[in-house]
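**Q** predicted model, plus sequence, below.
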Amino acid sequence: MISTQKMQYSYTEENYLKSIYHLCDATIGNYTSTNHIATYMKIKPATVTNMLQKLKEKKLITYKPYSKVTLNKSGKLVALQVIRKHRLWEVFLVKKLAFTWDQVHDVAEQLEHIQSAELIEKLDAFLQYPNIDPHGDPIPNANGELIQIPTKKLSEIKIGQSCKVVAVADSSIELLRYLSEINIELGTKIILKNKIEIADTLIIKTQNKIIHISLKIANQISVL
């Protein structure tokens, strides 16, 4: 098991590394850019440039001005440890403190920067080593290993096919609350009854209830 790195990083540095990880993970080439980071984090490109230089000096990223930004092995491990803490805290908040899945993100954003490796390992054991967070996202293990489960978007399911909700890609409060209102959560079984192409609408059945949802929402729901 790889323990949390001895060197500690600031709240801001960890947020940058986590953001870069998510942006790189969303591209085929596993890279991002200064402007993409600035847009994602809602800050000025000049501010991003300054931080990227600092992260490069700490040998956490590979970066040249006006070029691609990628995480190196050390930077990726730091990012995954932050993500691990975030998702474990989300599980704790939902399972042990009765938070709903639309309430946990902002609180976990604060808790993810706790530096105690011992606390996080005990938290993991206390929660009985969960594999996914309340939104269905995989939780990296202590070695920074992330196991991805192949899934499909609800919008890709064929008419008449049954499936089970395993994740929600967009963890925005509005979407999660809406899904709760229509009784869709992780584990919900769904049958796709019809697709109305002209209206970008899917008609689904959950238990004994027929629901109309937009294609936009269906694209955010991952199923098996």
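**A** Thanks, I have it.

**Q** how close does residue 33 sit to residue 138?
**A** 26 Å (Cβ to Cβ, to the nearest Å). Glycine gets a C-beta too; all of them are placed from N, C-alpha and C.

**Q** would you say residue 93 is within a helix?
**A** Yes: applying DSSP: H, G, I helix; E, B strand; the rest coil, one finds residue 93 inside a helix.

**Q** tell me the pLDDT of it.
**A** What the model reports for residue 93 is a pLDDT of 98.

**Q** which ones are touching it?
**A** 99, 103, 104, 107, 108 (Cβ atoms under 8 Å, 6 or more residues apart in numbering).

**Q** contacts only, for the closest residue to residue 36 other than its chain neighbours.
**A** With Cβ to Cβ, 6 or more residues apart in numbering as the criterion, residue 36 has its nearest non-adjacent residue at 5.6 Å, and that residue is residue 23. Counting by Cβ under 8 Å, 6+ apart, residue 23 makes contact with 32, 36, 37, 40.

**Q** pretty sure the last one contacts residue 18?
**A** Okay, so that is residue 40. No: contact criterion Cβ atoms under 8 Å: residue 40 and residue 18 do not qualify, at 10.5 Å.

**Q** hang on, the earlier thing: most neighbours, which of the contacts of residue 93?
**A** Most neighbours among the contacts of residue 93, by other Cβ atoms under 10 Å: residue 104, with 25 neighbours.

**Q** low-scoring stretches of the chain, by residue?
**A** 1-6 (pLDDT under 70).

**Q** for the residue positioned nearest the centre of the chain, phi and psi?
**A** Closest residue to the average C-alpha location of the chain: residue 137 at 5.6 Å, with Cα atoms, centre = their mean. In terms of degrees, to the nearest 10, the main-chain angles of residue 137 are phi -80, psi 140.
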